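>>> Task: produce atomic coordinates for the following.
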Amino acid sequence: MSYFDSASSAPLHPVARQALLASLDEGWADPSRLYREGRRARLLLDAAREAAAEAVGCRTDELVFTSSGTRAVHSGVAGALAGRRRVGRHLIVSAVEHSSVLHSAEVWEADGGTVTRVPVLRTGAVTAASYADALRADTALACLQSANHEVGTAQPVAEVAEVCRAAGVPLLVDAAQSLGWGRVEGDWSLLTASAHKWGGPSGVGLLVVRKGVRFAAQGPMDERESGRAAGFENLPAIVAAAASLRAVRAEAAQEAVRLRQLTERIRARVPELVPDVEVVGDPERRVPGIVTFSCLYVDGETVLHELDREGFSVSSGSSCTSSTLTPSHVLRAMGVLSEGNVRVSLPPGTAREDVERFLAVLPGVVAGVREKLGAPAPATTAPEADVLVVDALGKRCPIPVIELAKVIGDVPVGGTVRVLADDEAARLDIPAWCEMRGQEYVGEEPADHGSAYVVRRVS
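Got it, this is the predicted structure:
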């Protein structure tokens, strides 16, 4: 079995396992107590904090451990907004942030705050200029991920931090996908991360608040972790998280080169092996190990199941997955194809042979799913009507696009096809199909049920 979903959760690093087992014997006592066992636990906690702070590039008294990366984000956003309430109630986030940031933004809006969601380029990256345009006199906080969790695109954090600093606005960076590879550059103000993303145990997050940043922890106060993370510290997991972070950093430079070569191999070969594929994300500015592509005319959930049967654990941002019937917010914001999306995220130590086997298996899997769904064959009939209507109401992704592809050849050049659909994914996938196939997307029109998506045949 080849596990290719480390962006969701990396396998436990051997050093983390060793540290976890050792600290279960030594770190079970309350580190706030003065007796021998408590002092021993405090030494372990202090050593873990020092190691984590060195990896982040901050002071030890700026870093606290939380119960998860999501909790770190929620606490960081809420505390920073509360600390700067007198400045204003405006929050800036990018459109492709992790759901933990976007959920925090939704809570802020529900409480009367305002939120600007900064758009991204087709590569998934923001620009510093877009953040500069979003800044206002009442902006209390800006948020930006260091790298995208779905497509691997690295964000221009240093440039955005400079823009925010000049305006006197703190920048919170979600570094979950990048901290294992290196420090986050730039003059950021707050940082969050999650241990299970770099090979540490789950249930440990980091929250860093730089000195001088106005911050008011929300919720009942607790004497632990500077009052910013309530509850008894999970000391064995914290020790394992810090130890594994130091270990992966020692291996990062060499492993990054190797994983980049493997993902470049996937990026180059998949379009050659599988027709009608779009590889998404920035081709250059990206974290090692993540590559994402979308396949026309396939059901993402079925592709994942078939790959699992072949021994590959991968993820998807497709609208057709068991967890959601709406397209990935990341792919939607990028304006790229969402149907048949496959995210491959290679953990450190991935063998080249496993990647080659994946490339050998993938074409057959996609072809099999396309055959089951009735994907279109090349047109063999002469064009007839100038306007065709495709009724795809009640049909889920990727059926509306498949039906469109089947009939586009039945209209003359300049003729149009109106696709009636009520699946949310069609709003994204039909324009993306037009761009991939060189056809003109005219636009969306209201219909009695759902929407009508109008496509003009160009060639």
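
>>> could you pull out the helices for the protein?
14-26, 36-56, 69-83, 99-110, 128-134, 157-167, 235-273, 300-309, 329-334, 352-373, 399-407, 426-437 (DSSP state H).

>>> Any chance of JSON lines for those, columns mean neighbour count and distance to Y453?
C-betas here are computed from N, CA, C, even on glycine. Formatted as JSON lines, those follow (neighbours: other CB atoms under 10 Å; distance: least, CB to CB, whole Å):
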{"stretch": "helix 14-26", "mean neighbour count": "17", "distance to Y453": "49"}
{"stretch": "helix 36-56", "mean neighbour count": "18", "distance to Y453": "47"}
{"stretch": "helix 69-83", "mean neighbour count": "24", "distance to Y453": "36"}
{"stretch": "helix 99-110", "mean neighbour count": "17", "distance to Y453": "27"}
{"stretch": "helix 128-134", "mean neighbour count": "17", "distance to Y453": "28"}
{"stretch": "helix 157-167", "mean neighbour count": "19", "distance to Y453": "35"}
{"stretch": "helix 235-273", "mean neighbour count": "19", "distance to Y453": "25"}
{"stretch": "helix 300-309", "mean neighbour count": "19", "distance to Y453": "20"}
{"stretch": "helix 329-334", "mean neighbour count": "24", "distance to Y453": "15"}
{"stretch": "helix 352-373", "mean neighbour count": "17", "distance to Y453": "19"}
{"stretch": "helix 399-407", "mean neighbour count": "22", "distance to Y453": "8"}
{"stretch": "helix 426-437", "mean neighbour count": "22", "distance to Y453": "5"}
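
>>> wait, which of these is closest to L121?
For L121, the closest of those is helix 329-334, at 7.7 Å, according to CB to CB.

>>> which residues sit against that closest one?
95-96, 99, 102, 119-124, 148-151, 280, 294, 317, 337-338, 341, 428 (CB atoms under 8 Å, 6 or more residues apart in numbering).

>>> Give me the buried subset of the residues you listed.
Using 16 or more other CB atoms under 10 Å as the burial test, those include 95-96, 102, 120, 123-124, 148-151, 280, 294, 317, 337-338, 341, 428 as buried.

>>> what's the domain layout of this structure?
Using automatic domain parsing, the domains assigned to the chain come out as 7-248, 252-373, 387-456.

>>> so which of these comes closest to M1?
domain 252-373 (5.1 Å).

>>> Kindly check the end-to-end length of that closest one for me.
Separation of the first and last residues of domain 252-373 by CA to CA, to the nearest Å is 42 Å.

>>> what's the closest residue to V107 other than its chain neighbours in contact with, if anything?
Setting aside the residues directly before and after it, V107 is nearest to A78 in space (CB to CB, 6 or more residues apart in numbering), at 8.0 Å. A78 sits next to 104, 107, 218 when contact means CB under 8 Å, 6+ apart.

>>> could you dump those residues to JSON lines with distance to V458 and pLDDT?
Converted to JSON lines, the contacts of A78 look like this (distance: CB to CB, whole Å; pLDDT from 0 to 100):
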{"residue": "S104", "distance to V458": "43", "pLDDT": "97"}
{"residue": "V107", "distance to V458": "45", "pLDDT": "97"}
{"residue": "Q218", "distance to V458": "54", "pLDDT": "92"}
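
>>> picking that back up, including distance to M1, could the domains of the chain go into a markdown table?
Formatted as a markdown table, the domains of the chain follow (distance: least, CB to CB, whole Å):
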| stretch | distance to M1 |
| --- | --- |
| domain 7-248 | 12 |
| domain 252-373 | 5 |
| domain 387-456 | 27 |
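
>>> Quick check: which ranges of this protein have low pLDDT?
Low-confidence segments of the chain (pLDDT under 70): 318-326, 377-385.

>>> Next, name the residue at the spatial heart of it.
By CA atoms, centre = their mean, the chain has its centre lying nearest to H149, at 2.3 Å.

>>> Just list the residues touching it, thanks.
Counting by CB under 8 Å, 6+ apart, the residues that H149 touches are 7, 98, 176-177, 330.

>>> For V401, state which of those residues is nearest.
V330 (19.3 Å).

>>> and that closest one, how far is that from T263?
18 Å (CB to CB, to the nearest Å).

>>> re the thing from before, what two of the contacts of H149 are the furthest from one another?
Across these (CB to CB), the longest gap, 14.1 Å, separates A176 and V330.

>>> what sits against the nearest residue in space to L135 that is not next to it in sequence?
In space, and not counting its chain neighbours, L135 is closest to A167: 4.9 Å by CB to CB, 6+ apart. A167 is in contact with 132, 135, 139, counting by CB under 8 Å, 6+ apart.

>>> what does A105 give?
Contacts of A105 by CB under 8 Å, 6+ apart are 77, 91, 93, 97, 115, 117, 143.

>>> Thought A147 was touching the fourth one, still the case?
Looking back up the chat, that one is E97. No. Counting by CB atoms under 8 Å, A147 is not a contact partner of E97; they are 11.5 Å apart.

>>> related to what we said a few turns ago, narrow the buried ones among the contacts of helix 329-334 to those in strands?
The strands, defined by DSSP state E, take in 280, 294, 341 from the buried ones among the contacts of helix 329-334.

>>> doesn't I290 make contact with the first one?
Spelled out, it's V280. No. Counting by CB under 8 Å, I290 is not a contact partner of V280; they are 10.8 Å apart.

>>> shared neighbours, those two?
With CB under 8 Å, 6+ apart, V280 and I290 have common neighbours V151.

>>> quick one: contacts for the residue lying closest to S9 once chain neighbours are set aside?
Closest residue to S9 apart from its sequence neighbours, by CB to CB, 6+ apart: H196 at 4.8 Å. By CB under 8 Å, 6+ apart, H196 lies in contact with 9-10, 69, 202-204.

>>> Which of the residues you listed has the largest number of neighbours?
With neighbours taken as other CB atoms under 10 Å, the top of the contacts of H196 is V204, carrying 30 neighbours.

>>> Could I get the contacting residues of that residue?
So V204 contacts 65-68, 194-196, 234, 237-238, 240-241 (CB under 8 Å, 6+ apart).

>>> before we move on, what about L404?
390, 417, 419, 430, 433, 455.

>>> cool, and G83?
213-216.

>>> what about burial for these, which qualify?
213-215.

>>> Can you tell me which of the contacts of A167 is nearest V407?
Checking these one by one against V407 (CB to CB), the nearest turns out to be A132, at 45.7 Å.

>>> Now that that closest one has come up, it's in contact with E162, right?
No. A132 is beyond contact range of E162, at 9.8 Å (criterion: CB under 8 Å).

>>> Kindly export stretch 85-97 (C-alpha atoms) in CSV.
Only the C-alpha atoms of stretch 85-97 are listed here, as CSV (Å, rounded to 0.1, in the frame of the first residue of the first chain):
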residue,chain,number,x,y,z
ARG,A,85,-11.2,45.9,18.5
ARG,A,86,-10.6,49.6,19.0
VAL,A,87,-8.9,49.8,15.6
GLY,A,88,-11.9,48.3,13.8
ARG,A,89,-13.7,45.1,12.9
HIS,A,90,-12.4,44.4,9.5
LEU,A,91,-10.7,41.0,8.7
ILE,A,92,-8.8,40.1,5.6
VAL,A,93,-8.4,36.4,4.5
SER,A,94,-7.5,34.8,1.2
ALA,A,95,-10.2,32.9,-0.7
VAL,A,96,-8.1,29.7,-0.5
GLU,A,97,-7.4,29.6,3.2
